[in-house]
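Asker: Need coordinates for the following:
(chains A and B)
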Protein chains: 2
Amino acid sequence: MSTEALITNEPRDTRARLLAAAREEIKSEGILGLRVAEVAARAHYSVSVIYRHFGDRNGLVAEVLGDLYEETLSARRERIAQLVPPTGPITIDHLVNLVPTPSEVAKSDELRMRLQILAVAATNPALEKRVADIAQKSYVEMLAFVTYLRSRLADGVDIDERVFTVMIVNQLLYYNTLLGEHSVDDDGYRQFIRDVLTR
Amino acid sequence: MSTEALITNEPRDTRARLLAAAREEIKSEGILGLRVAEVAARAHYSVSVIYRHFGDRNGLVAEVLGDLYEETLSARRERIAQLVPPTGPITIDHLVNLVPTPSEVAKSDELRMRLQILAVAATNPALEKRVADIAQKSYVEMLAFVTYLRSRLADGVDIDERVFTVMIVNQLLYYNTLLGEHSVDDDGYRQFIRDVLTR
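Answerer: Alright, predicted model coming up:
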């Protein structure tokens, strides 16, 4: 089966294979170490096939990292939605528990992955455009979710929405992992969220 | 002048030249694009000289990016210190104005540089150690600065220190630049900082 035959007959399959190979390569070498030649070799294509499908290295990177970023945000959204009790009034405790704690964030690979995707986006306009589109869509969904949660708050209880729309959205807890003994712990973090939510 | 002569006679000079070449290379190719061979060529040394001085690529990267990170934080600290009136009581307005606004952050190159340094640190243990040391030292200095500012607040005025130690310290306004029409503007950001500071 020649490379040309694959391109002519199954362009979507070729594209999917290249993207799958790029993911494998990222899993083994990391996001910052992605090499087009290694991706091509892994998928058993020549490098020129990558260029034909994605324009250049940045095009391939934009697509595979954009997909990863979108999946990361979706997975987080699902995890958070499952923490909401299906019926009954929502309390401040429920809301505070929706926010990932420093220790959860430090344990997951998501933080480092997200950091690397954003750093590449800052140097790759196609990826930055894609990540911005995803971030905006995700922001609108989060806003609708917060509005829904507010509608289920007990009478007389209200929250400062900006804790989500300004603070949480701009937060990168990687700094906290760097701070060692000075880092805020889960209880201190939760207490701060509670205090600013209910001011 | 042979490479060997340089190493034997002026090891510190060789090291400084390699670091200067790495900076130049970063200026021209970006942090994520740094190649050891290009740094060596720029400094007129062989690649093996880099390995002898820095162990490996990660060692060179850790040193030059650690330096850049430290200089960035120092420059920011100096900018902020200059905004404090030399005498008289400190007001909430003064404190709010110490916090860089989204538009200032978006305009500067610092944000993208810092993001890239952190992303590399997440994959380079020597750099992560260095960046963590710098972050912890900087955190202690910031804490002392906040304590000093509080001592100069007018009678009866107080602030929630955690806005600095938990919120600002963990903030990356790159997300805000991605949010487009949904991003918070300077006035909205300042109002939020004021509200959470004075709760």
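Asker: Which element, helix or strand, includes the residue of chain A found nearest chain B?
Answerer: Taking Cβ to the nearest Cβ, chain B has its nearest neighbour within chain A at residue A:119, 3.3 Å off. Any C-beta I mention is one placed from the backbone N, CA and C, and that applies to glycine too. Using DSSP states H and E, residue A:119 sits within helix A:110-121.
Asker: for the helix or strand hosting residue A:71, the distance to its chain's centre please.
Answerer: Assigned by DSSP H and E, residue A:71 belongs to helix A:57-82. In terms of Cα atoms, centre = their mean, to the nearest Å, the centre of helix A:57-82 is found 5 Å from the chain centre.
Asker: Which other helices and strands does it contact?
Answerer: In terms of contacts (3 or more Cβ pairs under 8 Å, 6 or more residues apart in numbering or on different chains; DSSP states H and E), helix A:57-82 is packed against helix A:11-29, helix A:36-43, helix A:47-54, helix A:110-121, helix A:125-151.
Asker: Deepest in the core, which of those helices is it.
Answerer: Highest mean neighbour count of the helices and strands packed on helix A:57-82: helix A:110-121, a mean of 22 (counted as mean count of other Cβ atoms under 10 Å in any protein chain shown).
Asker: List the contacts of it.
Answerer: A:30-32, A:61, A:65, A:68-69, A:72, A:76, A:105, A:127-128, A:130-131, A:172-174, A:177, B:32, B:115-116, B:118-120, B:122-123, B:174 (Cβ atoms under 8 Å, 6 or more residues apart in numbering or on different chains).
Asker: Repeat that for stretch A:57-75.
Answerer: Outside stretch A:57-75, the residues touching it (Cβ under 8 Å, 6+ apart) are A:18-19, A:22-23, A:26, A:31, A:34, A:36, A:39, A:50, A:53-54, A:110, A:113-114, A:117, A:120-121, A:124-127, A:129-131, A:134, A:138.
Asker: how about 6 Å then?
Answerer: For stretch A:57-75, contacts defined as Cβ atoms under 6 Å, 6 or more residues apart in numbering or on different chains pick out A:19, A:22, A:36, A:50, A:54, A:110, A:117, A:120, A:124, A:126-127, A:130-131, A:134, A:138.
Asker: Show me where chain A dips below the pLDDT cut-off.
Answerer: By pLDDT under 70, the low-scoring segments of chain A are A:1-10.
Asker: Residues of it that sit close to chain B?
Answerer: Contacts of chain A with chain B, taken as Cβ under 6 Å from any Cβ of the partner chain, map to A:30, A:32, A:112, A:115-116, A:118-119, A:122-123, A:132, A:135-136, A:139, A:162, A:166, A:169-173, A:175-176, A:178-180, A:182, A:184, A:192, A:196, A:199.
Asker: Leaving out chain neighbours, which residue sits closest to the residue of chain A closest to chain B?
Answerer: Nearest in space to residue A:119, with sequence neighbours left out and distances taken as Cβ to Cβ, 6 or more residues apart in numbering or on different chains, is residue B:119 at 3.3 Å.
Asker: what about the one you found, distance to residue A:17?
Answerer: 28 Å (Cβ to Cβ, to the nearest Å).
Asker: do the same with residue A:118
Answerer: For residue A:118, the distance to residue A:17 equals 27 Å [Cβ to Cβ].
Asker: Over to residue A:79?
Answerer: Per Cβ to Cβ, residue A:79 is found 30 Å from residue A:17.
Asker: about what we covered before: now the helix holding residue A:119 against helix A:125-151, angle please.
Answerer: 140 degrees (axes from the mean of the first three to the mean of the last three Cα atoms, to 10 degrees).
Asker: buried residues in stretch A:151-160?
Answerer: Buried residues in stretch A:151-160, defined by neighbour count with 16 or more other Cβ atoms under 10 Å in any protein chain shown: A:153, A:159, A:160.
Asker: Over to the first one: give its phi and psi.
Answerer: Going back to what we said before, that points to residue A:153. phi -70, psi 150 (degrees, to the nearest 10).
Asker: same deal with the second one?
Answerer: Per-residue torsions, residue A:159: phi -130, psi 160 (degrees, to the nearest 10).
Asker: any idea how far it is from residue A:169?
Answerer: 15 Å.
Asker: Likewise for the first one?
Answerer: Here the criterion is Cβ to Cβ. By it, residue A:153 lies 20 Å from residue A:169.
Asker: Next one: residue A:86 from residue A:77, what distance?
Answerer: Distance, residue A:86 to residue A:77, by Cβ to Cβ: 17 Å.
Asker: what do you get for residue A:89?
Answerer: Noted for residue A:89: a distance of 22 Å to residue A:77, by Cβ to Cβ.
Asker: And these two? Which one has more around it.
Answerer: residue A:77 (14 against 11; other Cβ atoms under 10 Å in any protein chain shown).
Asker: Looking at the helices and strands packed on helix A:57-82, spot the one closest to residue B:95.
Answerer: With Cβ to Cβ as the criterion, residue B:95 lies closest to helix A:125-151 of these, at 27.6 Å.
Asker: got the angle for that closest one vs helix A:47-54?
Answerer: Angle between the axes of helix A:125-151 and helix A:47-54 is 50 degrees (criterion: the same axes, to 10 degrees).
Asker: Surely residue A:164 and residue A:146 touch.
Answerer: Yes: counting by Cβ atoms under 6 Å, residue A:164 touches residue A:146, with 5.2 Å between them.
Asker: what residues are shared contacts of those two?
Answerer: The contact sets of residue A:164 and residue A:146 do not overlap (Cβ under 6 Å, 6+ apart).
Asker: Need the residues that contact the helix or strand where residue A:193 lies.
Answerer: According to DSSP H and E, residue A:193 maps onto helix A:186-197. Helix A:186-197 is touched from outside by A:96, A:99, A:101, A:102, A:103, A:159, A:160, A:163, B:162, B:166, B:196, with contacts defined as Cβ under 6 Å, 6+ apart.
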